[in-house]
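Undergrad: Using only what follows, build the 3D model:
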Amino acid sequence: ARLGTAVELYAYGILVHDDILDRDEVRFGRPAFHSAFATRLLESGGTLAEAPHFGQSMALLGGALMQTLAVEAVLELPLPAGQAVRLARLLSAGCRRITESQVVDLAFEHRFPTSEEWYAMAAQRAAEHLATAIGLGALLASAPESQRRALEIFARALGCAYDIRDDLRDAFGDESRMRS
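TA: Alright, predicted model coming up:
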């Protein structure tokens, strides 16, 4: 259960940042984290001019806090120290690779990527997210290296499929007809 909590914190921290970068105001049919905080500021008397900055600032801090808490949750698991550190390293590396892929993704807003460039970026975006989550479970279960590699390949393929769907939705879809 504690590892599941860490994975959820990790995942939601990524999504909070992703919504800001993609300028998404809705997540799962509800206001995105930054949108909710902007609305709260307005409801408490804040101005329309300061609401977007406040919402995005809270989301940047909240997402970073969630990712930090995820690593702390892993380190607090009742495991031998070496195993907890390996799990925390895997989680930290996943956060780093996703952040790197978001930097590349932002650059693609100013030029159209080749299919090879897009796939390389997608392999580190949702694919990395899933590979990290599944890798944590496999590592915790002491799965043999061959099984961990097979799970990683599966997770990356599934993540790339999700990214394709997500990018198509962003480019052509109607949010009210699709679920994310």
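Undergrad: from here on, contacts and neighbour counts on C-alpha atoms
TA: Will do.
Undergrad: Low-confidence ranges, the protein, go.
TA: For the chain, the stretches flagged by pLDDT under 70 are 173-180.
Undergrad: so the residue of it positioned farthest from its centre, which of the three states?
TA: In the chain, counting by CA atoms, centre = their mean, Gly45 sits farthest out from the average C-alpha position, at 31.7 Å. Following DSSP: H, G, I helix; E, B strand; the rest coil, we place Gly45 in the coil state.
Undergrad: Could you report the distance from Glu109 to Leu21?
TA: 11 Å (CA to CA, to the nearest Å).
Undergrad: ugh, wrong one, His53
TA: On the measure of CA to CA, His53 and Leu21 end up 13 Å apart.
Undergrad: which residues in this structure form helices?
TA: Remark: helices assigned in the chain by DSSP state H are 2-22, 33-43, 51-75, 81-107, 115-122, 126-140, 145-172.
Undergrad: and those, which is most packed in?
TA: Mean neighbours per residue, mean count of other CA atoms under 10 Å, is largest over the helices of the chain for helix 126-140, with a mean of 22.
Undergrad: What is it packed up against?
TA: helix 2-22, helix 81-107, helix 145-172 (3 or more CA pairs under 8 Å, 6 or more residues apart in numbering; DSSP states H and E).
Undergrad: which stretch among those comes nearest Arg125?
TA: helix 81-107 (5.2 Å; CA to CA).
Undergrad: So which other helices or strands are in contact with that closest one?
TA: helix 2-22, helix 51-75, helix 115-122, helix 126-140.
Undergrad: residues contacting Ser115?
TA: Contacts for Ser115 (CA atoms under 8 Å, 6 or more residues apart in numbering) come out as none.
Undergrad: Now do it against Gly55, distance only.
TA: 34 Å.
Undergrad: With Phe37 instead?
TA: 5 Å.
Undergrad: quick one on the thing from earlier: quick one: the helices and strands packed on helix 126-140 as JSON lines, columns for distance to Ala138 too.
TA: Formatted as JSON lines, the helices and strands packed on helix 126-140 follow (distance: least, CA to CA, whole Å):
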{"stretch": "helix 2-22", "distance to Ala138": "11"}
{"stretch": "helix 81-107", "distance to Ala138": "10"}
{"stretch": "helix 145-172", "distance to Ala138": "6"}
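Undergrad: Which of those sits closest to Leu136?
TA: helix 81-107 (6.1 Å).
Undergrad: for the closest one, the distance to its chain's centre please.
TA: 10 Å (CA atoms, centre = their mean, to the nearest Å).
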